[in-house]
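Enquirer: only the shape, not the letters, is given here:
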């Protein structure tokens, strides 16, 4: 890009002495250094493209967003690194059409999955002789996630109100049935016919058990669906996993599921609510068991990173189709004939309340893997500790 100052300098170059040339050169070097420092410091990615939509400059943020280095990308077509946009067409727009191209959003899958907003400023707006544009990129992944979480939170509130209303409407008749069954028991005690009395007594007992079972289901349902802050205490994830597998050993054994485990020798503690974490484990293991045929393999691995203790639950079932993958955390979305569609939504909520993350990787006909990332207790404490004073 040639500035008017540079044009004048070139015109006067043959009339300047050596000292003047050196002074002007140092001035340009300082100016370039200042601009370079500013471009490298800002959080937005900046890419300058010239003729043929070829990259002329990119700052560090742009390099990180799209996974390239300027040394290798310079003079390369921008479409090589940022696809799905007809850059030649964009750069050939007329002045009026430039104004219509305000902001656009693209999805980037390499080097990381991100959503990036960009807008374009033609170089002709700066210097009439220049061809090309400055493309400014902004990572909006976190904003999108925050918006999605807000929508999910509102949906969960609505679902909770609906669930409470339904439970109330079901609970009242169940209470009435319980009372009338107790009255029937009193009446039966006064019957003289022993055979009739015992036969009816057995029917009443069956009815009472079923009413009790329904009441327990409603209670568990409300406990699961109502958001509650986790009661966090330092816990060992491998112990909670052991207890959950012990609870489910009969179901696992009946289906002849082989459980393969892998974990490091030392696993740091995690600040977590034991009951909620075991519920998350239970839901994922149950989903995996139901997804596989008898004799399937469930692989459970624990991994430790600088920030997280992560648990991966991988089955070798049929996997999840792409059309269902985007809706797995939605309430009442299920592919099972008898499923409630609440299990994964509850797991996601538990992880979110713990400040963790959940990932899913699924390949049709090969299986599905869920990975739960729980923030480490020692990392949280180290961030809270005051720096030690030097003597």
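Expert: Cool, the structure landed. Predicted model, so just to flag it, every value in this text is computed and none were measured.
Enquirer: and the contacts of stretch 309-319?
Expert: Taking contacts as CB atoms under 8 Å, 6 or more residues apart in numbering, the residues outside stretch 309-319 that touch it are 237, 241, 267-268, 270, 281, 284-285, 288-289, 291-293, 296-304, 362-374, 376. Any C-beta I mention is one placed from the backbone N, CA and C, and that applies to glycine too.
Enquirer: could you redo the last one with a cut-off of 7 Å?
Expert: Contact with stretch 309-319 is made by 237, 241, 267-268, 270, 284-285, 288, 291-292, 296-303, 362-374, 376, as judged by CB atoms under 7 Å, 6 or more residues apart in numbering.
Enquirer: now, of these, which are buried?
Expert: Among these, those buried by neighbour count (16 or more other CB atoms under 10 Å) are 237, 241, 267, 270, 284-285, 288, 291-292, 296, 298-302, 362, 367-374, 376.
Enquirer: okay, and which of these map to helices?
Expert: 237, 241, 284-285, 288, 291 (DSSP state H).
Enquirer: nearest to residue 115, out of the residues you listed: which one, please.
Expert: residue 284 (27.3 Å; CB to CB).
Enquirer: for the nearest residue to residue 303 once chain neighbours are set aside, give me phi and psi.
Expert: The shortest distance from residue 303 to any non-neighbouring residue, by CB to CB, 6 or more residues apart in numbering, is to residue 310 (4.6 Å). When quoted as degrees, to the nearest 10, the phi and psi of residue 310 stand at phi -120, psi 140.
Enquirer: residue boundaries of the helices in the protein?
Expert: So, for the chain - with DSSP H - the helices run 4-12, 18-41, 60-66, 70-73, 87-91, 95-100, 141-189, 194-225, 237-247, 249-254, 274-291, 322-325, 343-353, 377-384.
Enquirer: columns mean pLDDT and distance to residue 80 on top of those, output as CSV?
Expert: Formatted as CSV, the helices of the chain follow (pLDDT from 0 to 100; distance: least, CB to CB, whole Å):
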stretch, mean pLDDT, distance to residue 80
helix 4-12, 57, 30
helix 18-41, 67, 22
helix 60-66, 91, 10
helix 70-73, 90, 8
helix 87-91, 79, 10
helix 95-100, 60, 24
helix 141-189, 79, 22
helix 194-225, 80, 49
helix 237-247, 94, 43
helix 249-254, 90, 50
helix 274-291, 91, 40
helix 322-325, 72, 27
helix 343-353, 85, 37
helix 377-384, 52, 38
